[in-house]
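1. turn this into a structure:
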Amino acid sequence: MGNCLSVFASFFITAELLLSFGVVRFIGVLFEPIMRPLFKVPGTGSFAWIMGMASGYPTGAKISVRLRESKQLTQIEAERLVSFSNASSPLFIFGAISVGFFYDAKLGILIAVAHYCSNFLVGLCMRFYGRKAEKRGQQIMPHKKEKVTLKRALHEMHATRMEDKRPLGEILGDAVIQSIQTLVMVGGFIILFSVLTTLLYLVNITSSISLIIEQVFIYIQFPVNLALPFISGLFEITVGANLISKLTNDYFLSSIVLVSFILGFHGFSIQAQVASILSKTDIRFAPYFFARILHGFIASFLTILLYRPLYLNRQVINIGDVPVTTPVAEQNWGIIMSNLQHIGPAISFVFLGLAIFILMKRMRRA
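-> Below is the predicted model of the structure:
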């Protein structure tokens with residue numbers, strides 16, 4: 001968890017700096033012809049979408065809130081963007097789930113393709129959200145249909161930077177402090193829901209809920225043994241995926257389908273993080289929650305559809321009885337995760353120390 005949080009802090013500090021320097025407006029001008037026709041959001045939403053996929057949840061929600069606060073998104077556009085800009089990072093899918101839990105690097109390709117493709121489809125579906133309000137003229141962000149040029153993008157970036165009167169040192173300090181605050185919030189929610197999942201299991205509440213889930217699994221022909229791990233995954237993804245990975249010997253496909261569902265659903269832990277981030281704005285939580293259910297079902301369907309071409313057919317391809325696929329990729333991922341395990345805590349302590357130093361310096365000035 002420490003490695004993921006340190007990487008998240010690095011991504012979020014970078015995102016804050018790019019927002020302040022106007023780079024996001026630069027990207028927004030270039031991506032306007034793509035984002036608005038596809039998702040009905042401004043081009044600046046592409047930054048939240050890309051960063052959300054690269055660094056994982058809840059970065060997309062945090063950037064969407066920043067864009068809403070700076071009046072670059074309407075309320076409905078922000079709700080659309082939040083619904084599909086939060087996704088699991090490749091590091092978590094390949095490193096934690098595929099290699100760490102299932103000990104199979106090739107599995108990451110299947111899970112990642114199903115996860116990101118379904119996230120894209122959710123964005124296409126959510127473009128129809130709020131159309132009635134927009135037709136009434138209540139939630140329309142005025143924008144000119146100007147020609148997309150590099151000169152115009154640079155001009156918008158410069159104008160955005162000039163609007164921010166803060167000096168460079170203050171911008172950097174605010175970015176570090178805000179990232180550490182978000183980092184602490186994320187870590188706190190992960191710990192809270194991990195403990196809550198254990199408590200619900202000890203007092204047999206999870207067992208009672210699993211009886212209902214077991215009936216659903218019987219109807220769709222899923223093993224009932226996966227009901228308890230699945231419920232745990234609905235609360236906290238890491239705990240649930242780890243428990244599911246321990247029961248994969250006899251029903252592997254069912255396990256992967258459930259992992260894809262909880263990755264798309266995000267778990268109540270991540271949903272609580274997003275709700276906390278959205279609470280200070282007028283962005284409503286309901287569209288995001290609906291999109292999570294939709295994301296979970298689409299990801300599960302794509303996992304079943306792509307299981308054979310992206311996993312079974314890629315396991316071992318024999319040419320003259322010589323296996324083409326080798327364990328080199330798995331070894332490389334193991335080395336990468338081992339290195340991150342050593343440097344992750346160090347990165348976290350560096351950012352934490354920097355935040356404390358900046359806060360102490362500001363307190364002395366006050």
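
2. check the gap between Met51 and Phe189 for me.
-> As judged by Cβ to Cβ, to the nearest Å, Met51 and Phe189 stand 20 Å apart. In short, each C-beta sits where N, CA and C put it, glycine included.

3. please apply the same query to Ala87.
-> 18 Å.

4. would you mark the buried spots in stretch 273-288?
-> 273-278, 283, 287-288 (16 or more other Cβ atoms under 10 Å).

5. hang on, I meant stretch 104-121
-> Quick answer for stretch 104-121 (16+ other Cβ under 10 Å): 104-116, 118-121.

6. list the contacts of whichever helix or strand Gly28 is part of.
-> Using DSSP states H and E, Gly28 maps to helix 23-39. Residues outside helix 23-39 that contact it (Cβ atoms under 8 Å, 6 or more residues apart in numbering) are 18, 41-47, 49, 67, 72, 80-81, 84, 123-124, 126-127, 143, 148, 150, 152-154, 156-157, 159-160.

7. now, of the residues you listed, which are buried?
-> Buried among the contacts of helix 23-39 by 16+ other Cβ under 10 Å: 18, 41-47, 49, 67, 72, 80-81, 84, 123, 126-127, 153, 156-157, 160.

8. from these, which land in helices?
-> 18, 45-47, 49, 67, 80-81, 84, 123, 126, 153, 156-157, 160 (DSSP state H).

9. ok, so of these, who is nearest Leu243?
-> Phe84 (27.6 Å; Cβ to Cβ).

10. gap between that closest one and Arg66?
-> Taking Cβ to Cβ, one finds Phe84 at 17 Å from Arg66.

11. which residues sit in contact with Tyr116?
-> Shown in contact with Tyr116 (Cβ under 8 Å, 6+ apart): 53, 87.

12. and the helix or strand harbouring it, average pLDDT?
-> Using DSSP H and E, Tyr116 falls within helix 107-126. Mean per-residue pLDDT for helix 107-126: 94.

13. can I get it in PDB, CA atoms only?
-> Taking C-alpha atoms only, helix 107-126 is exported to PDB below (Å, rounded to 0.1, in the frame of the first residue of the first chain):
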ATOM      1  CA  LEU A 107      -3.300 -12.200 -16.600                       C
ATOM      2  CA  GLY A 108      -2.700  -8.500 -16.300                       C
ATOM      3  CA  ILE A 109      -3.300  -7.900 -20.000                       C
ATOM      4  CA  LEU A 110      -6.700  -9.500 -19.800                       C
ATOM      5  CA  ILE A 111      -7.700  -7.500 -16.700                       C
ATOM      6  CA  ALA A 112      -6.300  -4.200 -18.000                       C
ATOM      7  CA  VAL A 113      -7.900  -4.400 -21.400                       C
ATOM      8  CA  ALA A 114     -11.300  -5.300 -19.900                       C
ATOM      9  CA  HIS A 115     -11.000  -2.600 -17.300                       C
ATOM     10  CA  TYR A 116      -9.900   0.300 -19.500                       C
ATOM     11  CA  CYS A 117     -12.200  -0.600 -22.500                       C
ATOM     12  CA  SER A 118     -15.200  -0.800 -20.100                       C
ATOM     13  CA  ASN A 119     -14.200   2.500 -18.600                       C
ATOM     14  CA  PHE A 120     -14.200   4.000 -22.100                       C
ATOM     15  CA  LEU A 121     -17.600   2.500 -22.800                       C
ATOM     16  CA  VAL A 122     -18.900   4.000 -19.500                       C
ATOM     17  CA  GLY A 123     -17.800   7.400 -20.600                       C
ATOM     18  CA  LEU A 124     -19.700   7.000 -23.900                       C
ATOM     19  CA  CYS A 125     -22.800   6.000 -22.000                       C
ATOM     20  CA  MET A 126     -22.500   8.900 -19.500                       C
END
